[in-house]
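J.: got a predicted structure here, sequence first:
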Amino acid sequence: MNGQKFPRFNGQSGTALTKVKAQISPNMLSCFFPLFQQGITVEVETGCSIKELLCGQLGIDNAYLEERITTIFLNGKPVDDCTTAIVGDGAVLALSAAMPGLVGAMLRKGGFYTAMRSAITYRTPSADSIRANGHIRLKLFNSIMEEAGPLVLRRGIIIPCSRVMKLLSEMSAEIISGDLPTSGYDSAGADILLAVEILAS
Amino acid sequence: MDKILRIDMGAKGGPKMTESPAGDYAGLGGRAMTSSIISAEVPPLCHALGQDNKLVIAPGLLTGSAAVMSGRLSIGCKSPLTGTIKESNSGGQAGIAMARHGYAAIVLEGKPEGSDLYKIVINDKGVSIKVDNSLKMLTNYDLIDKMKGEFGEKIACISIGPAGEMKMGAASIAVTDMELRPSRHAGRGGVGAVMGSKGVKVIVFDTSGLKMRQPKEPDKFREANKKFTEGLKSHPVTGKGLPAYGTSVLTNILNEAGGYPTRNFKTGAFEGASAISGETYADLETKRGGLATHGCHTGCVIQCSGTFVDKNGKFVSKQPEYETVWAHGGNCGISDPDAIAKIDFLDDTYGLDTIEMGVAIGVAMDAGVIPFGDAEGAIRLVNEVGKGTPLGRILGSGAEVTGKAFGVERIPVVKHQSIPAYDPRAVQGMGVTYATSTMGADHTVGYAVTANILKVGGFVDPLKPDGQVELSRNLQIATAAIDSTGMCLFIAFAVLDQPETFQALLDLLNSFYGLSLTGDDVTALGKKILTMERDFNKRAGFTAQHDRLPAYFSKIPLPPHNVTFQVKDEDLDKVFNF
Ligand code: SF4
């Protein structure tokens, strides 16, 4: 058991997460697509803007955020300005590329048709801008899964142990550091910090 | 494309054909053609299934040319579902064949006595119309197999399934695709029932030796086509999102926005959305050996469609579209992509509008006919519709009839037509369009997001509270115009973002016809079409009171955002102030 220890997901002191690092081939990335769509838990510094979180912490390129991630939801509300929307602990942040149709145009950040969905638009920050360690649920949709997914995986995602085991065996992943617990774990409830490197094709 | 074929199906001694120059209708295409003929020639108070109604089939202005994306076909009539004027359009190959045979429109008129079923065949020798009662109650897929056996593979067909023959309110008209499958449909408004009332089962176009329609100014046309194609391919939606994932790419997004109507519009989020998203369908198609990127007609460079196969690689249906996946999926609490694809096939082969059917089944589920989430039960219900059992007849008559039959209060319809896949409480601008559209609730009528380029109705401040009313007006104008060109509406996004792509579209029209249209002319065309349609509806008895959503949308909040529809009636009444 040489896995690094991280603070546990629920933030309680005294418990820590087991870190497992694995490598997969690029064609296995799609095994994560269901997870990306449902949302993955990542540990971040919360209380900052979406832009700071995505670019400053997750390492997403500024230009990529501007040009490709054109549809963003914070707690289910379409966001128009990534620099003012504050991500709090426990937030759900969903990222998508430009979407088709009128509804796609309406939901796009800062688009011409935002009035048509004004009832659900993200307006005032719903979270404090006090910086603290926390966790968010990050959802990646459509081409963002392929393009930004590897970056997020490399940094590490927190998922239940039972799911990691299934996933890694599905992908024939090679574990390069850390061990998956074999016993003494409540596999249904325990979480693992899983970092995944995508091998060059 | 300068002649109109009229077939009087009720003529004494059998159907009588006349072919004439387009005359007063010259220079019109698609929706402009269908709505012009219907509004001028059909008595608005007639019974939609009676002898006075007409079924008008018209390719778009550029259909049959080399212009990319231009293969759409419009079908118009007085709708038996809504009682309003109707234009429903479809992809597939028949529009191209019809335009290349030189027809600007085919008009089916009158009503035959008796119960004979007719087959119309159009080839280089002319038009023949024959009784063929062996086609009775054939499903669309079986019918097309029979047509292939009779005429070979070089054909394109327009047909109805059993639903059209039974004159159901949800009956569609099928158009064959590039693989000669009847997978593309003019779905909305019961147009298939009108074709059924005319006694016409199928129109077969011989496609062998057909020549492309030639532009007046070939060099300019070629250049415009190149620019238009480049614009579509370079845009992230038309060049990447739609080809990769199809229209169902909207599933996750609408769900995340809390605007994905779930279990008969009870909530705006569905826990099973990711299992039936465009991303999941594309992944399944790729892994199983289907196709995740495919066009519905030649010349489509976006290719939002695909081929869905089962675990053994066997064809199930074309890749179901977003509205279909929603109607039979989240709206019915079903998250099984295989079951939804199977229902899509059943809808196509029986000849049913997937939206109307999914919403009708959702209403039936709400009434307790079968439980939400019962995929097998839903398949059984669609089969009942195809067979025409008493329950099937109720469901096939649409959501409103189903709701009335089972005493359901929440029936999501406007002007008797089902509301599609965007809850108007979350996406209120869409609600404005649903309420005021000339066609009943329809997501495509205010779809063309070119409005801000066209600046129809002057500059709109989108941040004004009533911006959505003005935007809806402008979108409806722009869409009416695009529906006349034969262009697939999915061009809209690239045209919105890239003024040069919009200019390329204008250049395509101008160089093809030797015209000098401007954005203003396009706007004027859109307004003219809407004015004609509104006038028809007025004469058919529709008033401002019909331009409303069902009351419950203003009263019952939609979780998770807990919003109600807030646009005021007096604002809805301003939509057509132009
Ligand atoms: S983009 Fe889709 S709907 Fe439009 S023509 Fe192509 S395949 Fe058909």
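T.: In hand now; what should we look at?
J.: secondary structure element holding the residue nearest the centre of chain A?
T.: Centroid check for chain A by C-alpha atoms, centre = their mean gives residue A:138 as the closest residue, at 3.2 Å. Secondary structure from DSSP states H and E places residue A:138 in strand A:132-140.
J.: just checking, what packs against that strand?
T.: Using 3 or more C-beta pairs under 8 Å, 6 or more residues apart in numbering or on different chains; DSSP states H and E, the elements in contact with strand A:132-140 are helix A:33-38, strand A:40-46, strand A:92-96, helix A:142-155. (Glycine included, C-beta is placed from N, CA and C.)
J.: residues in the stretch 451-578 of chain B within reach of the ligand, list them.
T.: For the stretch 451-578 of chain B, the residues in contact with the ligand (C-beta under 6 Å from any ligand atom) are B:488, B:490.
J.: show me where the stretch 451-578 of chain B has helices.
T.: In the stretch 451-578 of chain B, the helices defined using DSSP state H, counting those that start in this stretch lie at B:451-454, B:467-482, B:492-497, B:499-513, B:519-539, B:552-555, B:569-572.
J.: could those helices go into CSV alongside mean neighbour count?
T.: Below are the helices of the stretch 451-578 of chain B laid out as CSV (neighbours: other C-beta atoms under 10 Å in any protein chain shown):
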stretch, mean neighbour count
helix B:451-454, 22
helix B:467-482, 28
helix B:492-497, 26
helix B:499-513, 21
helix B:519-539, 19
helix B:552-555, 17
helix B:569-572, 14
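J.: among those, which is nearest residue A:67?
T.: Among the helices of the stretch 451-578 of chain B, helix B:492-497 comes nearest to residue A:67, with 11.6 Å by C-beta to C-beta.
J.: pLDDT on that closest one, on average?
T.: Mean per-residue pLDDT for helix B:492-497: 74.
J.: repeat that for stretch B:142-161.
T.: Averaging pLDDT along stretch B:142-161 yields 98.
J.: and it, how far out from the chain's middle?
T.: 21 Å (C-alpha atoms, centre = their mean, to the nearest Å).
J.: nearest residue to the residue of chain B found nearest chain A other than its sequence neighbours?
T.: Using C-beta to the nearest C-beta, the closest approach of chain B to chain A is made by residue B:429 at 2.2 Å. Distance criterion C-beta to C-beta, 6 or more residues apart in numbering or on different chains; nearest residue to residue B:429, sequence neighbours excluded, is residue A:116 at 2.2 Å.
J.: mind putting the helices and strands packed on strand A:132-140 into JSON lines with mean pLDDT?
T.: Converted to JSON lines, the helices and strands packed on strand A:132-140 look like this (pLDDT from 0 to 100):
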{"stretch": "helix A:33-38", "mean pLDDT": "95"}
{"stretch": "strand A:40-46", "mean pLDDT": "95"}
{"stretch": "strand A:92-96", "mean pLDDT": "97"}
{"stretch": "helix A:142-155", "mean pLDDT": "96"}
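J.: just put the ones you listed in a markdown table and tack on mean neighbour count.
T.: Output for the helices and strands packed on strand A:132-140, formatted as a markdown table (neighbours: other C-beta under 10 Å):
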| stretch | mean neighbour count |
| --- | --- |
| helix A:33-38 | 20 |
| strand A:40-46 | 20 |
| strand A:92-96 | 23 |
| helix A:142-155 | 20 |
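J.: among those, which comes closest to the ligand?
T.: helix A:142-155 (16.3 Å; C-beta to the nearest ligand atom).
J.: low pLDDT regions in the chain?
T.: Picked chain A for this. Along chain A, segments meeting pLDDT under 70 span A:1-15, A:125-127, A:180-189.
J.: I was thinking of chain B, sorry if that wasn't clear
T.: In chain B, residues with pLDDT under 70: B:445-468, B:496.
J.: switch to 90 and redo it
T.: By pLDDT under 90, the low-scoring segments of chain B are B:1-2, B:235-238, B:240-241, B:426-433, B:440-486, B:489-502, B:517-527, B:566-568, B:571-572, B:574-578.
J.: can you list the residues of it near the ligand?
T.: B:69, B:91, B:295-297, B:300, B:302-305, B:488, B:490.
J.: per-domain residue ranges of chain B.
T.: B:3-206, B:249-421 (automatic domain parsing).
J.: output these as CSV; include the columns mean neighbour count.
T.: Putting the domains of chain B into CSV (neighbours: other C-beta under 10 Å) gives the following:
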stretch, mean neighbour count
domain B:3-206, 23
domain B:249-421, 23
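J.: if we can go back for a sec, residues making contact with the strand holding residue A:138?
T.: Applying C-beta atoms under 8 Å, 6 or more residues apart in numbering or on different chains, the external contacts of strand A:132-140 come out as A:7, A:9, A:11, A:36-47, A:53, A:73, A:87-95, A:148-149, A:152, A:158, B:252, B:256.
J.: in chain A, what residue comes closest to the ligand?
T.: residue A:100 (9.1 Å).
J.: right, and that residue touches residue B:246 too?
T.: No: Residue A:100 lies out of contact with residue B:246 (C-beta atoms under 8 Å); the separation is 9.3 Å.
J.: find residues that contact each of the two.
T.: With C-beta under 8 Å, 6+ apart as the test, residue A:100 and residue B:246 both reach residue B:304.
J.: residue B:6: which of the helices of the stretch 451-578 of chain B is closest?
T.: Nearest of these to residue B:6, taken as C-beta to C-beta: helix B:519-539 at 19.6 Å.
J.: near chain A, anything from that closest one?
T.: No: using C-beta under 8 Å from any C-beta of the partner chain, we find that helix B:519-539 stays clear of chain A, coming within 15.1 Å at best.
J.: counting by contacts, list what that helix packs against.
T.: Against helix B:519-539 (3+ C-beta pairs under 8 Å, 6+ apart) you get helix B:30-41, strand B:85-90, helix B:451-454, helix B:467-482, helix B:499-513.
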